[in-house]
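Visitor: Take a look and give me a structure for this.
(2 chains)
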Protein chains: 2
Amino acid sequence: MTNENVKLIEEKFLNYVKKITAYQEAISVMYWDLRTGAPKKSVDGRSEVIGILSSEIYQMQTSEEMNGYLTALIEEGEPAVSEIALKTALDCKKTYDRMKKIPLDEYQIYVTLQTKAESVWEEAKEKKDFELFRPYLEQLVDTTKRFIGYWGYEGNKYNTLLDMYEPDMTVDILDEVFENVRDGIRDILQQIQSSGKTFDTSFIYNRFPKDRQRDFSIEILKQMGYDFDAGRLDETVHPFQITLNIGDARVTTKYVENDFRVAIFGTIHEGGHALYEQNISKDLAGTTLAEGTSMGIHESQSLFNEIFVGRNLSFWKKNYDLLKSYSPGQFDDVPLLDFYRAINEVKPSLIRIEADEVTYPLHIIIRYEIEKALFNDTIEVKDLPKIWNEKYKEYLGIEPEHDGVGVLQDVHWAGGSFGYFPSYALGFIYAAQFKHALLKDLPNFDELLAAGKLDKIKEWFNQNIHQFGKTKKPLEILQDVTGEGPNPKYLLNYLTEKYKEIYEF
Amino acid sequence: MTNENVKLIEEKFLNYVKKITAYQEAISVMYWDLRTGAPKKSVDGRSEVIGILSSEIYQMQTSEEMNGYLTALIEEGEPAVSEIALKTALDCKKTYDRMKKIPLDEYQIYVTLQTKAESVWEEAKEKKDFELFRPYLEQLVDTTKRFIGYWGYEGNKYNTLLDMYEPDMTVDILDEVFENVRDGIRDILQQIQSSGKTFDTSFIYNRFPKDRQRDFSIEILKQMGYDFDAGRLDETVHPFQITLNIGDARVTTKYVENDFRVAIFGTIHEGGHALYEQNISKDLAGTTLAEGTSMGIHESQSLFNEIFVGRNLSFWKKNYDLLKSYSPGQFDDVPLLDFYRAINEVKPSLIRIEADEVTYPLHIIIRYEIEKALFNDTIEVKDLPKIWNEKYKEYLGIEPEHDGVGVLQDVHWAGGSFGYFPSYALGFIYAAQFKHALLKDLPNFDELLAAGKLDKIKEWFNQNIHQFGKTKKPLEILQDVTGEGPNPKYLLNYLTEKYKEIYEF
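Guide: From the prediction side, this is the model:
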């Protein structure tokens, strides 16, 4: 091909991709609206519209036109094709292959199954009845196994699922990493429990008015460097961060009047995701690369902010008085250090999303072990409640009274998202690694927090991670920033050091 | 064609139309979001997305596929084709013809011109400089004239423009109706001014906190029968009502702390539009018929509520104490009757959207006369400021100090919306006619208001107007409900009677 021809195809391809991202923006706005206040009678019509636009996207992603662009551009390669166009093409190629390998009729049955399974799951959780959900989960697992057959796999069938959320992540890596984390955390937990120390946390549950929680949350987001000209904060039931376009990364949160922690740490968490999205290079606008590179790296940004910033003593040196001013009286008899200990209390619990930072990874590892076994046919769906409860007993020392607070607690499996859970723990591990790397450039990290200079920290992440969007793969970023692969040492060191001080063991 | 074939085509056609309305919903949600709080850096990307989806709609509306459906279904007709499908086809045919007759390149230039003209208009209004806007307005008028050439016209060129907003409305009808209205109102105005009466309105401008205005607005919307499960109330700069789908008709309003009237009457006005949209038959969902039948009939619903309900003494007998409770102190020295007179004060003013109900139609008639002359080549764009000012002097006895509060005040022309303005006055005329018809069924209208039973009134409109959506044409509805065509007598009677009492002439 002549250079001119290549440029022409590249231009057409990028316009085609822009159209896909335009449809995605439309869907995202409608989804955001549904979750932040659309009236209930809007839901049916809206869901249908989202379905119609989604199937248009599917058609574009798998069209002959798309295939033509991808073949031409990938074959030609750099330098005739620009770096951004080529990386976009490779990204679209991955989607194209993944979708094309599944027969259309099977895919459609699967989508219907997902929707149905989610509502049955909701009912089953409500009724604490796993048997209600079981046939759907079995179908979801079977279908996914069949899809793995279409997609193929290397080494372990579960690798194909992992790769969808965390490119290049494998069971080999995770087995080693998670084993270390599991043993290390069980060790720390043991020491915490042996310390016999407990803290008064009663003040947490006093009333903190909703609108004051919102005002405080806004203050903290601003301190973090969240750009309110490129986003907004809204209320929802299950908080999420959503990006509508390169200039619009929104945060949602939930206000519980009798537990301010939900909103504050939730906002900082979603705010961490948003800082990532707001600072992706504008050069990537309108391509599929203008998003976080993987679930794990994304989670590293939310958890870094929630945990390494938000649960840090220095952060509260700066912000405790501010917090007090938004809820007069509530914290009068609570010295800073008591407050700090209370918000870092460690206590094994049944619900993942309510877990403290020490036990949190154990919740994830349990799910990882179960998923891995499920897709390698060493366990069956019908055995899940039993296995779940045994693992909770073994790792956390507690057992669910019923499946509603056990195996049925999370929506992920009902949506067919197998392979997703490990990202949560990986994000925490990465975050600890990034913290270690960051300290080399910003050894005064704690002083920055105490001075409210979170923008310096944000800039470091902008520079090292955010700007690249999806142009760098997750393990590439990790290597570039930390000089190594996933290494749980830093997380374990962090937890040991922090909780040794808090629990004085 | 066999009946089966017809049914098949009908089904395909309705699915195709559903796809178009799905895209329209997506655009409406994005537009609503832009106007109610999207962050400013979102705007560029969002506008591009709206542009992409709009051009997809254009392509579907004018496609060969669409043409095929329309030809087949319209030729076949009822009863082989269902009534809803046929009426949808006729509606789509109108759009198809209107768009197809304009060469695509001319249409694209026109769309760009519109966008540009709107931003130049904004600047010109700000700078009070008509000359800045003149070349754009000239191009808009010239282009529209050329389009009328493509579209054709019957009787008067301006009829083609009227028909876009008020199907079957003509200059012949309007000339007669508006002459009556103009003369009648100038007569009433004369008597009001001769009465020498003035009212103390100073209390209006005391501070009424924004959030209390919102709470009161919500109360009134509920009283009107607005369904908050099928809509919501938000804040914006230029209030509007927008329908997203059959179960989601939203209202927006604006809060001015030193003039509560803006929010209250604005909310009732937009709420009136929303009552129409919320009560269209669900059978029309997903077709192009699921909307108000014309701008004039739509405006009759908003004005009926704003004026015949909201500015009625009985309405305030019910709601004045409630209003007082939301702004303690503000109305302490203002008896109900003084309040009623103050909110109905008549005073010729320059700005249409701030006009009282007596002078409001004159603002519209001035614009009608100017537009009609413009498209019949009896005046030129360059003469507009002079003509505008002369007419204001003649009809209202006042003259703009500058074009910013004169010919440049409204955005409509900058957007190319010629032929739109008459709907505002027609809506008022229709509303008075509907009121007259309604009294036959609900002679206790005032008692219903005083008892807060607005739902009875809403039900009457549901029955007689709302449910039909676009399945009946505006003049058909008018005929069915009132037994006649546009007749300004009822409006003039209403105004005379009401203001005779208020101004005691």
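Visitor: CA only for contacts and neighbour counts going forward, please
Guide: Fine.
Visitor: give me phi/psi at A:Asn245?
Guide: When quoted as degrees, to the nearest 10, the phi and psi of A:Asn245 stand at phi -160, psi -180.
Visitor: so what's it up against?
Guide: A:Asn245 is in contact with A:25, A:285, B:42, B:45-46, counting by Cα atoms under 8 Å, 6 or more residues apart in numbering or on different chains.
Visitor: and which of these is nearest B:Pro328?
Guide: B:Ser42 (39.9 Å; Cα to Cα).
Visitor: and that closest one, what pLDDT?
Guide: pLDDT recorded at B:Ser42 is 94.
Visitor: related to what we said a few turns ago, and the contacts of A:Asn245, which is closest to A:Tyr136?
Guide: Once Cα to Cα is applied, the member of the contacts of A:Asn245 that ends up nearest A:Tyr136 is A:Glu25, at 30.8 Å.
Visitor: Next, work out how far apart the nearest residue to that closest one once chain neighbours are set aside and B:Val49 are.
Guide: Excluding its sequence neighbours, the residue lying closest to A:Glu25 (Cα to Cα, 6 or more residues apart in numbering or on different chains) is A:Leu244, at 5.2 Å. Per Cα to Cα, to the nearest Å, A:Leu244 is found 11 Å from B:Val49.
Visitor: CA-only coordinates of the helix or strand where A:Asp446 lies in PDB, if you can.
Guide: Taking DSSP states H and E as the criterion, A:Asp446 maps to helix A:445-450. Only the C-alpha atoms of helix A:445-450 are listed here, as PDB (Å, rounded to 0.1, in the frame of the first residue of the first chain):
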ATOM      1  CA  PHE A 445       4.800  11.500  51.500                       C
ATOM      2  CA  ASP A 446       3.300  11.700  55.000                       C
ATOM      3  CA  GLU A 447       4.200  15.400  55.200                       C
ATOM      4  CA  LEU A 448       2.400  16.000  52.000                       C
ATOM      5  CA  LEU A 449      -0.700  14.400  53.400                       C
ATOM      6  CA  ALA A 450      -0.400  16.300  56.600                       C
END
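Visitor: quick revisit: check the contacts of A:Asn245 against A:Tyr395 and report the nearest one.
Guide: A:Glu25 (41.9 Å).
Visitor: a strand runs through the closest one, doesn't it?
Guide: No: A:Glu25: not assigned to a strand; according to DSSP: H, G, I helix; E, B strand; the rest coil it is helix.
Visitor: which residues does it contact?
Guide: Applying Cα under 8 Å, 6+ apart to A:Glu25 gives the contacts A:244-245, B:49.
Visitor: I'd like these laid out as CSV, including pLDDT and distance to B:Asp403.
Guide: Below are the contacts of A:Glu25 laid out as CSV (pLDDT from 0 to 100; distance: Cα to Cα, whole Å):
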residue, pLDDT, distance to B:Asp403
A:Leu244, 97, 40
A:Asn245, 96, 39
B:Val49, 94, 35
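Visitor: Let me know the closest of the residues you listed to A:Asp91.
Guide: Checking the contacts of A:Glu25 against A:Asp91 by Cα to Cα gives A:Asn245 as the nearest, at 18.3 Å.
Visitor: who does the closest one bridge with?
Guide: Per DSSP bridges, the residues bridged to A:Asn245 are A:Asp248.
Visitor: and of the contacts of A:Glu25, the nearest to A:Leu53?
Guide: Nearest to A:Leu53 among these: B:Val49, at 13.2 Å, using Cα to Cα.
Visitor: ok, and does the helix or strand containing that closest one reach over to chain A?
Guide: Here B:Val49, judged by DSSP H and E, is contained in helix B:43-61. Yes: contact of helix B:43-61 with chain A (Cα under 8 Å from any Cα of the partner chain) involves B:43, B:45-46, B:48-49, B:52-53.
Visitor: On the pLDDT front, check A:Tyr340 for me.
Guide: 98.
Visitor: tell me the contacts of it?
Guide: Residues near A:Tyr340 by Cα under 8 Å, 6+ apart: A:311-313, A:316.
Visitor: give me every residue that touches A:Gln278.
Guide: Residues in contact with A:Gln278 (Cα under 8 Å, 6+ apart) are A:226-227, A:230, A:246-249.
Visitor: Now that we have those, which of them are buried?
Guide: Among the contacts of A:Gln278, the ones that count as buried by 16 or more other Cα atoms under 10 Å in any protein chain shown are A:226-227, A:230, A:246-249.
Visitor: Now that we have those, can you turn them into CSV and tack on pLDDT?
Guide: Output for the buried ones among the contacts of A:Gln278, formatted as CSV (pLDDT from 0 to 100):
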residue, pLDDT
A:Tyr226, 98
A:Asp227, 98
A:Ala230, 98
A:Ile246, 96
A:Gly247, 97
A:Asp248, 98
A:Ala249, 98
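Visitor: The residues you listed: which two are farthest apart?
Guide: A:Tyr226 and A:Ile246 (13.9 Å).
Visitor: For the stretch 201-350 of chain A, which residues are neighbours of chain B?
Guide: Checking the stretch 201-350 of chain A against chain B by Cα under 8 Å from any Cα, the hits are A:228-232, A:244-248.
Visitor: between these, which is nearest A:Leu104?
Guide: Proximity of those to A:Leu104 (Cα to Cα) peaks at A:Leu244, which lies at 28.3 Å.
Visitor: The closest one reaches A:Ser28, doesn't it?
Guide: Yes: using Cα atoms under 8 Å, A:Leu244 is in contact with A:Ser28, at 5.9 Å.
Visitor: So for these two, which residue has more residues nearby?
Guide: Using other Cα atoms under 10 Å in any protein chain shown, the more surrounded residue of A:Leu244 and A:Ser28 is A:Leu244, with 25 against 19.
Visitor: for the residue in the stretch 51-200 of chain A that chain B sits nearest to, what are its contacts?
Guide: Using Cα to the nearest Cα, the single residue of the stretch 51-200 of chain A nearest to chain B is A:Ile52, 6.9 Å away. By Cα under 8 Å, 6+ apart, A:Ile52 lies in contact with B:19, B:22.
Visitor: hang on, the earlier thing: what touches both of A:Leu244 and B:Val49?
Guide: Shared contacts of A:Leu244 and B:Val49, defined by Cα under 8 Å, 6+ apart, comprise A:25-26.
Visitor: returning to what we had before: contacts for whichever helix or strand comes after the helix holding A:Asp446?
Guide: Next along the chain after helix A:445-450, taking DSSP H and E as the criterion, comes helix A:454-464. Contacts with helix A:454-464, where a contact means Cα under 8 Å, 6+ apart, come from A:223-225, A:275-276, A:279-280, A:438, A:445, A:448, A:481.
Visitor: picking that back up, from the contacts of A:Gln278, pick the one nearest A:Thr267.
Guide: Looking across those and measuring by Cα to Cα, the closest to A:Thr267 is A:Tyr226, at 11.0 Å.
Visitor: May I have the phi/psi pair for that closest one?
Guide: Torsion angles, degrees, to the nearest 10, at A:Tyr226: phi -70, psi 130.
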